[in-house]
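Q: Give me the fold of what follows.
(one chain, ligands or ions: 1)
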Amino acid sequence: MRHFTVYDSMSREEREFAPITPPRVGLFVCGLTPYDETHIGHARTFVFFDLVARALTRWGYRVFSVQNVTNLDDKIVERAGELDEDPLVLAERHFLSWRAASERLGIRSVNYYPHATDYTPEILVQIRQLIDRGFAYASAGSVYFEVAKFPEYGKLSGQRTEALRPGARVEVDPAKRAPEDFVIWKAATPGEPSWESPWGPGRPGWHIEDTAITVRLFGPRYDLHGGGLDLIFPHHESEIALAQAATGEAPLVNYWMHGGLLNMNGEKMSKSLGNIYSLETALDEFGPMVLRFFYLNAHYRSPLEFVRGKSLEEAREAYARLSLPADRIAELLERDGVERAGEELPDALEREAEGVVERLDATLARDFNTRESIAVLFGWTRRLADLLGRLEAYSGSALADLKAPYEWAEEVLGLFVRQPTGRPGAWASVVPLAIEARARARSRGDFAEADRIREALKAVGIRLEDDASGTRWEFIGTD
Ligand SMILES: [Zn+2]
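A: Modelled structure (predicted):
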């Protein structure tokens, strides 16, 4: 297992990583509250933690990666009311379209997406423990966590409990003993989904969903907790209080990792501010590689400024420059295979390529500095510039050696994955023609021909889907 360091938000320093039970690593990342479509701000966080899991796996750790789904909360209930839809159905619909988009983005490291409402029994057990230990109290059909009973509250965020108090003009909930107390079981409101409990029908509060899930899946303590910077307070602060008060064990988490936010026009991208750019649109317009490149070309803890009509266009150009040798080599190897005859590499160059791969691992071993990894890759691309015209002369194994740094990036950064549009726009221009031919065949009643076209596309990994608006296609690959 390779050694590496992590910037830990709790101790506010970069620390050497040591798992509780090596080689296993428990990684929990706060997932979506799927009340609407996913935007590119959410995806930044999830791409980063996908990279963390990929790097750890490469270095010999066995990662168990969990991302919860807050499939019931106030926003979901409110949106469902507007659309006259069942809240749980609405949440699942948005969750599934996020999963489809995350597949396209190459996020493949998450082992399990637990849904909060599937953990109601665990949540009720934890509430009972908190009441029995004197940290929580029932009042008016709800249950509250009493913040004053947990003196360490505020240690992660550096926030004082006063920050939880509403402003002078906001009315304090009379059911609470103190304004900073937060709800862990919310009394049922007519028309909303609710569950039976010893304190009356209701539904869980937000923070306790995560701790019920992690105590169940990881036990009272685990290695890594990740999420966006905006979740530190009060969410993560409250997770610590709930879990440590309920289990009596500490610390809940050994390393807290927080990713910077994506800003648009200087403000956090968020639905409530109305400044979003949807992930699906970004994927359609730029493809997954450009998006991943855009995210990973910044340090994960820094804010990332997104400017519409500029940021992804620049990323596309830079990524095209970076991947020029990788594309050429991949084309030659695809055409002739690794068996192709030709010149071998000079020893010095072979060692140089190996050295680049070693440096790439080293960049990530220092708190996942992907910006530096990409700088190293640019260095290699510049190094190969002189060789570009002569690549044809090399043998398959020589080309494979030259490609090693890009293969590292494919494995860890998820870049240089050959897309169906790898030869620019090839599929995008050919598939619609095939779809048109199929539509014409169908309109003249030649269904055998229409099926033949569908099967031919399927054979190269393209799936067609017919609906009222016509035929859509997607590349699903072949296996
Ligand atoms: Zn969470």
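
Q: For the rest of this, base every contact and every neighbour count on C-alpha atoms.
A: Will do.

Q: Below-threshold pLDDT in the stretch 51-200 of the chain: ranges please.
A: 163-170 (pLDDT under 70).

Q: Would you state the helices of it in chain order?
A: For the stretch 51-200 of the chain, helices defined by DSSP state H, counting those that start in this stretch occupy the ranges 74-83, 87-104, 120-132.

Q: Same check on the stretch 351-479 of the chain?
A: According to DSSP H, counting those that start in this stretch, the helices that the stretch 351-479 of the chain contains are 370-383, 396-412, 426-443, 447-459.

Q: Among the helices of the stretch 51-200 of the chain, which comes closest to residue 287?
A: For the helices of the stretch 51-200 of the chain, the distance to residue 287 is smallest for helix 87-104, at 8.4 Å, taking CA to CA.

Q: now what about that closest one, what contacts it?
A: With contact meaning CA atoms under 8 Å, 6 or more residues apart in numbering, helix 87-104 is reached by 32-38, 43, 69, 71-72, 76-77, 79-81, 108, 193, 279-280, 283, 288.

Q: hang on, the earlier thing: the helices of the stretch 351-479 of the chain into a markdown table, with extra columns for mean neighbour count?
A: Formatted as a markdown table, these follow (neighbours: other CA atoms under 10 Å):
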| stretch | mean neighbour count |
| --- | --- |
| helix 370-383 | 19 |
| helix 396-412 | 20 |
| helix 426-443 | 15 |
| helix 447-459 | 15 |
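
Q: residue ranges with poor pLDDT in the stretch 251-400 of the chain?
A: Looking at the stretch 251-400 of the chain by pLDDT under 70, you get an empty list.

Q: sorry, back to before: reformat the helices of the stretch 351-479 of the chain as JSON lines; add distance to residue 223.
A: Output for the helices of the stretch 351-479 of the chain, formatted as JSON lines (distance: least, CA to CA, whole Å):
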{"stretch": "helix 370-383", "distance to residue 223": "22"}
{"stretch": "helix 396-412", "distance to residue 223": "21"}
{"stretch": "helix 426-443", "distance to residue 223": "43"}
{"stretch": "helix 447-459", "distance to residue 223": "43"}
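
Q: Show me the one of those that comes nearest residue 307.
A: Counting by CA to CA, residue 307 lies closest to helix 370-383 out of the helices of the stretch 351-479 of the chain; the figure is 19.0 Å.

Q: helices or strands up against the closest one?
A: helix 279-296, helix 311-336, helix 347-365, helix 396-412 (3 or more CA pairs under 8 Å, 6 or more residues apart in numbering; DSSP states H and E).

Q: quick one, what contacts the residue nearest to residue 7 when sequence neighbours are not counted?
A: Nearest non-adjacent residue to residue 7, counting by CA to CA, 6 or more residues apart in numbering: residue 14, 3.9 Å away. When contacts are counted by CA under 8 Å, 6+ apart, residue 14 touches 5-8, 367.

Q: one step back: so which of the helices of the stretch 351-479 of the chain gets nearest residue 338?
A: Per CA to CA, nearest to residue 338 of these: helix 396-412, 4.0 Å.

Q: how much distance is there from the closest one to the middle of the chain?
A: Distance of helix 396-412 from its chain centroid, counting by CA atoms, centre = their mean, to the nearest Å, is 25 Å.

Q: same deal with stretch 389-403?
A: On the basis of CA atoms, centre = their mean, stretch 389-403 sits 35 Å off its chain's mean C-alpha point.

Q: now the end-to-end length of it.
A: End-to-end span of stretch 389-403 (CA to CA, to the nearest Å): 16 Å.

Q: Identify the residues contacting residue 415.
A: For residue 415, the contact set (CA under 8 Å, 6+ apart) comprises 289, 292-293, 406, 409.
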